[in-house]
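Asker: sharing a model prediction with you, sequence too.
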Amino acid sequence: MKSRSKSLRKSSNFRSMIPVSRSNSQSFDVVTIGSSNQDLVIRVPHIPVAGETILGNQSGLFLGGKGANQAVAAMRGGGRVLFITKVGKDLFGQNMMTHFYREGFPAEGILVDSNELTGMAQIWVAESGENAITVAPGANSKLLPADLEEFTESIRLSGVVLMQLEIPMETVSRAVELAWQGGVKVILNPAPAQLLNPDLLRRVWLLTPNESEATLLTGVRVDGVESAKKAGQKLLQQGVQNVIITLGERGSVFCHGKGSRHFDAYQVEAVDSTAAGDVFNGFVAVAIASGKNLEDAIPFASAAAALSVGRPGAQVSIPTFDEVHQFMKAQEASGIFSN
């Protein structure tokens, strides 16, 4: 195991993170490579359909992007995180850079493109908590394979490389290749949904699709636990080592070479599910980088996602490690949740 800034160890009822010394300043628990977006969020009675104009309620500007959300989640989950992203040379980009520095990310990972605007996302959030998202990639589309070369050592020395698909696929492929060469575990959240190269899938340690993404990747219509298990097995046959299919309020299904297991979700009142999947991925990544197995990481990540669903916005909704710890203790003490 490579050196880590944090390690997980068992307590009587929870896995706590304890800081330890770091011998190599280039080594990170998690390297997240992905998008940064300025989110415009509008709350609506329901998600509009094509041609429909509806009157919304509250609106707001939030910092988002799947890459940034997952990086912030891993950071707040207790890890030392290098976030590699690209923003525009505009006001939104400047605000993001300030925010990332305050979160504690190394400055060298935040790249700037002078010719593209910062990525933007339009997010509709229904009263039910469901959401619909449209993204204009902007500078995210200019995060290219050549940009990763200066980070080769950090990628190969990391505990986990965590990625999504809001940046060019050739960049994702190059990052997977660098991680593979270093024997580093790759967690890939295949969103937005698209078909993936079989060679890439064979180098992915953990794939984390939701229902629609798993459906696209396998041809199995995923609409519940049993269909998720079938889709997970098909993804394993394609070469992925481990699969977690997230099912929203129905929890998640973990598939691996020896079988599958359903994990319940923590039941909370949904306010905004925008970043829930990203929070789940970030907390899974930091737990795995710290030496825990997936069956321990999933409840930890599920608790973090549940807390985020109860709050509006993307990154502003992401809980800290201490908040997740206290939430899990309260759930266990009440007997509401057991898995």
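Answerer: Sure, I can see it. Numbers count the residues shown, from 1 in each chain.
Asker: from now on I want contacts and neighbour counts done on CA atoms only, so please keep to that.
Answerer: Noted.
Asker: how about W180, phi and psi?
Answerer: phi -60, psi -40 (degrees, to the nearest 10).
Asker: any idea how far it is from S158?
Answerer: Distance of W180 to S158, computed by Cα to Cα, to the nearest Å: 11 Å.
Asker: the bottom helix or strand of the protein by mean pLDDT?
Answerer: Lowest mean confidence among the helices and strands of the chain (mean pLDDT, DSSP states H and E): strand 15-19, at a mean of 34.
Asker: elements contacting the very next helix or strand once past that strand?
Answerer: Using DSSP states H and E, the next helix or strand after strand 15-19 towards the C-terminus is strand 30-33. Contacts defined by 3 or more Cα pairs under 8 Å, 6 or more residues apart in numbering; DSSP states H and E place strand 30-33 against helix 66-76, strand 81-88, strand 160-163, helix 276-289.
Asker: buried stuff in whatever helix or strand comes next after the longest one?
Answerer: Of the helices and strands lying after helix 276-289 in sequence (DSSP H and E), the nearest is helix 294-309. Residues of helix 294-309 classed as buried by neighbour count (16 or more other Cα atoms under 10 Å): 294, 297-309.
Asker: what of stretch 82-94?
Answerer: 82-90, 92-93.
Asker: and if you look at stretch 315-323?
Answerer: Neighbour-count burial for stretch 315-323 [16+ other Cα under 10 Å]: 315, 317-321, 323.
Asker: where exactly do the strands run in the stretch 201-339 of the chain?
Answerer: 206-207, 242-246, 252-256, 259-263 (DSSP state E, counting those that start in this stretch).
Asker: who touches stretch 187-199?
Answerer: By Cα atoms under 8 Å, 6 or more residues apart in numbering, the surrounding residues in contact with stretch 187-199 are 160-166, 204-209, 212-213, 216-217, 238-239, 281, 285.
Asker: if you count surrounding residues, which of W180 and S158 has more?
Answerer: Each of W180 and S158 has its neighbours counted (other Cα atoms under 10 Å); S158 has more, 27 against 18.
Asker: next one: phi and psi at that one?
Answerer: Dihedral angles (degrees, to the nearest 10) for S158: phi -80, psi 170.
Asker: and what of A121?
Answerer: Residue torsions, per degrees, to the nearest 10, at A121 are phi -140, psi 140.
Asker: from here on, call the first residue 33.
Answerer: Happy to do that; since the first residue is 33 now, the last one works out to A153.
Asker: could you pull up the contacting residues of it?
Answerer: Here A153 is in contact with 69-72, 97, 165-168 (Cα under 8 Å, 6+ apart).
Asker: who wins on neighbours among those?
Answerer: In the contacts of A153, the most neighbours by other Cα under 10 Å go to N69, 30 neighbours.
Asker: isn't that residue right next to M152, touching?
Answerer: Yes. Under the criterion of Cα atoms under 8 Å, N69 is in contact with M152, at a separation of 4.8 Å.
Asker: which neighbours do these two have in common?
Answerer: Residues touching both N69 and M152 (Cα under 8 Å, 6+ apart): P169.
Asker: V218 is in what secondary structure piece?
Answerer: strand 217-220.
Asker: so what's G96 scoring on pLDDT?
Answerer: Predicted confidence (pLDDT) for G96: 87.
Asker: that one: what's it in contact with?
Answerer: 68-71, 346-347.
Asker: 10 Å instead?
Answerer: 67-72, 102, 104, 128, 151-153, 306-307, 345-348 (Cα atoms under 10 Å, 6 or more residues apart in numbering).
Asker: wait, a strand at G92?
Answerer: Yes. Under DSSP: H, G, I helix; E, B strand; the rest coil, G92 falls within a strand.
Asker: for it, give its distance to A346.
Answerer: 11 Å.
Asker: more neighbours: which of the two?
Answerer: Counting neighbours by other Cα under 10 Å for G92 and for A346 shows that A346 has the greater number, 25 against 11.
Asker: quick check: closest non-adjacent residue to the more buried one.
Answerer: A307 (4.9 Å; Cα to Cα, 6 or more residues apart in numbering).
Asker: can you check the pLDDT for that neighbour?
Answerer: What the model reports for A307 is a pLDDT of 81.
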